[in-house]
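Colleague: okay, sequence plus prediction incoming.
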Amino acid sequence: MLKSVKVIIKKMLCLLKGVKTGSNTYIAFNSKIKNANKISLGKDVYVDSHARIDASRENSSISIGDNTLVHEYSLIKANGGKISIGRDCTVNDYSILYGHGGLVIGNDVHIAAHVVIVPANHIYENPDIFISKQGETKKGIIIEDDVWLGANAVILDGVTIGRGSIVGAGAVVTRSVPPCVVVAGSPAKVIKKREFK
């Protein structure tokens with residue numbers, strides 16, 4: 001009986017937010033969902049207190065796969081692009097995921113607290129023109145399956161992070177990362193290879 005009441009409450013919260021969801025998905029009452037008709041959540045997704053999911057700008061869309069956890073105070077904001085997060089992922093507290101030029105996150109990706117992912121960059125080539133007037137690059141970011149992004153890592157436009165790689169805490173990733181390596185530093189460099197046994 002108690003279990004069925006919990007399921008009904010979860011469904012009602014999703015309906016109140018107006019989000020397309022799979023079964024057993026929970027959206028905390030004090031989370032913020034903007035433009036819910038452009039957001040889809042798989043089954044067993046958990047959106048924690050004060051998390052924000054925002055697809056409010058034109059051409060925005062966000063999809064989050066099954067069994068993914070979006071923790072407190074994290075921000076997932078499409079900014080006119082598309083964000084796709086796979087299944088069995090974690091987006092930890094205070095992380096910021098933007099979608100300007102497109103963000104594709106695979107399955108089993110673990111994003112630690114305070115990670116920032118920005119698939120756009122300001123153009124600044126001409127010092128005679130204000131940077132804000134020169135536009136942006138929007139190449140996009142791809143994070144393949146089984147990646148771990150350490151706390152406070154920053155991932156910048158045009159980067160692909162290969163399957164099975166680890167980005168160390170505080171790293172600034174400005175170039176693509178091959179599969180099965182550990183990168184660290186600013187700018188991030190390969191410090192170790194992960195060997196299959």
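Modeller: Yep, that arrived.
Colleague: C-alpha from now on. contacts and neighbour counts both.
Modeller: Noted.
Colleague: does residue 138 touch residue 122 like I think?
Modeller: No: applying Cα atoms under 8 Å, one finds residue 138 not in contact with residue 122, separated by 9.1 Å.
Colleague: neighbour count for the two, which is higher?
Modeller: residue 138 (18 against 14; other Cα atoms under 10 Å).
Colleague: for the more buried one, give me its contacts.
Modeller: Taking Cα atoms under 8 Å, 6 or more residues apart in numbering, we find residue 138 in contact with 100, 101, 102, 119, 120, 121, 157, 158.
Colleague: mind checking which of these are in strands?
Modeller: Among these, DSSP state E puts residue 121 in strands.
Colleague: pull out the buried members of the contacts of residue 138.
Modeller: Buried members of the contacts of residue 138, counted by 16 or more other Cα atoms under 10 Å: 100, 101, 102, 119, 120, 121, 157, 158.
Colleague: can I get the contacts of residue 138 in CSV with pLDDT?
Modeller: Output for the contacts of residue 138, formatted as CSV (pLDDT from 0 to 100):
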residue, pLDDT
100, 94
101, 94
102, 97
119, 97
120, 96
121, 94
157, 97
158, 97
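Colleague: out of the contacts of residue 138, who's nearest residue 63?
Modeller: Closest approach to residue 63 among these (Cα to Cα): residue 102, at 11.9 Å.
Colleague: the closest one against residue 143, yeah?
Modeller: No: between residue 102 and residue 143 there is no contact under Cα under 8 Å: 11.2 Å.
Colleague: sweet, I'm off.
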